[in-house]
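Chemist: turn this into a model:
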Amino acid sequence: MTDEPSARLYLRDLGQLIKEMARDAKLDRDGSVGGSDQDLHLGRLMALHEVVSLMQEQAAAFGIDLRDLSLADIDPAEELT
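Modeler: Next comes the predicted model:
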């Protein structure tokens, strides 16, 4: 089993990477409006919205501070729609 410090670092980095992917997906979606790949970018943004939301909900359920997951500074309902 992985030791706790490694797991904490993994989760912090994973949260940061997913957050960056989600923000990039928003930019891609905004830039593709009217284009042939608009639906692709919208679908990717929607999927990442769900992932960020789920990670935040699960963190709350397990009593994990969102700062520990690098997800305290993103609001999917506001930023990823």
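Chemist: which ones are touching residue 63?
Modeler: Neighbour list for residue 63: empty [criterion: C-beta atoms under 8 Å, 6 or more residues apart in numbering]. From N, CA and C alone the C-beta is placed, and that goes for glycine too.
Chemist: quick one: the strands in this protein, in order.
Modeler: Shown for the chain, no strands are assigned by DSSP state E.
Chemist: what residue ranges in this structure score low on pLDDT?
Modeler: 1-2 (pLDDT under 70).
Chemist: name the single longest helix found in it.
Modeler: If you go by DSSP state H, the chain has its longest helix at helix 4-31.
Chemist: for it, packing partners?
Modeler: Packed against helix 4-31 by the contact rule (3 or more C-beta pairs under 8 Å, 6 or more residues apart in numbering; DSSP states H and E) you find helix 38-62, helix 76-79.
Chemist: deepest of these, which one?
Modeler: When the helices and strands packed on helix 4-31 are scored by mean count of other C-beta atoms under 10 Å, the highest mean neighbour count falls to helix 38-62 (a mean of 15).
Chemist: now that one, how far from the centre of its chain.
Modeler: On the basis of C-alpha atoms, centre = their mean, to the nearest Å, helix 38-62 sits 6 Å off its chain's mean C-alpha point.
Chemist: from residue 49, how far off is residue 17?
Modeler: To residue 49, residue 17 is 16 Å away according to C-beta to C-beta, to the nearest Å.
Chemist: okay then, goodbye and thanks.
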